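Asker: Need coordinates for the following:
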Amino acid sequence: MSDKNTGGAQEKTAARTVTRRDFVAAIGGVGIGAILAGAGVSAFLVGDEVYAVEASSGYLLVDTKKCGACETCMLACSLAHSGRTNVNLSRMQLTKNPLGCFPLDVQQNQCRQCPYPSCVDACPTGAMHADPETGVRMVAEGRCIGCERCIEACPFTPSRVQWNYEDRCAQKCDLCLNTPYWDQEGGPNGKQACIEVCPMRAISFTHAIPRQSDEGYDVNLRNEHWAIIGYPIDDAGRVKPSISVPTASVVKAVPADEAAAEE
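Answerer: Here you go, the predicted model:
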């Protein structure tokens, strides 16, 4: 191929390339989160071209109104990933406000596996990357140089990427895809340690892309069993628990003396 033809091909390729800057400019001030409100979206039209976004195949959902702030999820997370029970090494972060009122006194801060992961974009070495098979955003610890750009780039507070001060590398939730100290298969097609151990069942998993807002990731996981023990299952807390429980599901309490007589 002649130099002239080569130059023409390069110019044509450059003209058709859609950069991140072009993509952001095209969607304007609407925000990527608003665009990604629909589940299953993996690409967007920008002019005549397509800007592809590789989506994660799994996401964690939480119910902050159901969380008991016991930190069991944090201990299980650090144990499964690091072999040590240390809440400071957990990828699931629980924040508490001792002066706050329910349900704003406790927050579960899980990684959102962002459709457009700024942490991945900020990493200069490729240590922060999307797993090619599952799309899960994760860290290749051996390639991390400790610049902490991924932590700074995370748009959420607290950052969903943490600095592991013991192993001297960045870390984040990988949906238990890489848990060397757990004998269960993790990842989007397996189990997640935090979900398995949560005594309140306040953490759940979904394959569908949640709405990119707090409401999309903080959901209502309360059911009739929650109402049986006397708690309302609606978000407003206005529906009496007895109304939320089907008649057939109500367990009749048996006095201790009658129970002893039956035995």
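
Asker: I figured Tyr165 hits Asn86, correct?
Answerer: No: assessed by Cβ atoms under 8 Å, Tyr165 is found out of contact with Asn86, at 10.0 Å. For the C-beta atoms, the positions are set from N, CA and C on the backbone; glycine is no exception.

Asker: Specify which residue of those two has the higher count of neighbours.
Answerer: For Tyr165 versus Asn86, the count of surrounding residues by other Cβ atoms under 10 Å is larger for Asn86: 15 against 9.

Asker: State the pLDDT value of the more buried one.
Answerer: Asn86 carries a pLDDT score of 95 in this model.

Asker: ok, now which ones touch it?
Answerer: Counting by Cβ atoms under 8 Å, 6 or more residues apart in numbering, Asn86 makes contact with 78, 166.

Asker: The closest residue to Leu177 other than its chain neighbours and Thr72: what is the separation?
Answerer: Excluding its sequence neighbours, the residue lying closest to Leu177 (Cβ to Cβ, 6 or more residues apart in numbering) is Gly187, at 3.9 Å. Applying Cβ to Cβ, to the nearest Å, the value for Gly187 to Thr72 is 21 Å.

Asker: Now Thr95, what are its backbone angles?
Answerer: Main-chain torsions, Thr95, degrees, to the nearest 10: phi -110, psi 140.

Asker: Then Ser244?
Answerer: phi -80, psi -10.

Asker: That one contacts Asn220, doesn't it?
Answerer: No: taking contacts as Cβ under 8 Å, Ser244 lies outside contact range of Asn220: 11.6 Å.

Asker: Only the buried residues of stretch 149-160, if you could.
Answerer: Under the neighbour-count criterion of 16 or more other Cβ atoms under 10 Å, stretch 149-160 has 149-151, 153-154, 159-160 buried.

Asker: meant to ask about stretch 109-126, not that
Answerer: Buried, per 16+ other Cβ under 10 Å, within stretch 109-126: 109-120, 122-123.

Asker: Pull out the CA atoms of that stretch and give them to me as PDB.
Answerer: Only the C-alpha atoms of stretch 109-126 are listed here, as PDB (Å, rounded to 0.1, in the frame of the first residue of the first chain):
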ATOM      1  CA  ASN A 109     -21.400   1.300  50.800                       C
ATOM      2  CA  GLN A 110     -20.900  -1.300  48.200                       C
ATOM      3  CA  CYS A 111     -19.100  -1.000  44.900                       C
ATOM      4  CA  ARG A 112     -21.600  -0.200  42.100                       C
ATOM      5  CA  GLN A 113     -19.700  -1.900  39.400                       C
ATOM      6  CA  CYS A 114     -20.200   1.300  37.400                       C
ATOM      7  CA  PRO A 115     -21.100   0.900  33.700                       C
ATOM      8  CA  TYR A 116     -18.500   3.600  33.100                       C
ATOM      9  CA  PRO A 117     -15.900   2.800  35.700                       C
ATOM     10  CA  SER A 118     -13.800   6.000  36.400                       C
ATOM     11  CA  CYS A 119     -11.500   3.900  38.600                       C
ATOM     12  CA  VAL A 120     -10.600   1.700  35.600                       C
ATOM     13  CA  ASP A 121     -10.100   4.800  33.400                       C
ATOM     14  CA  ALA A 122      -7.800   6.500  36.000                       C
ATOM     15  CA  CYS A 123      -5.400   3.500  36.500                       C
ATOM     16  CA  PRO A 124      -2.100   4.100  34.600                       C
ATOM     17  CA  THR A 125      -1.000   0.500  34.700                       C
ATOM     18  CA  GLY A 126      -4.100  -1.500  33.900                       C
END
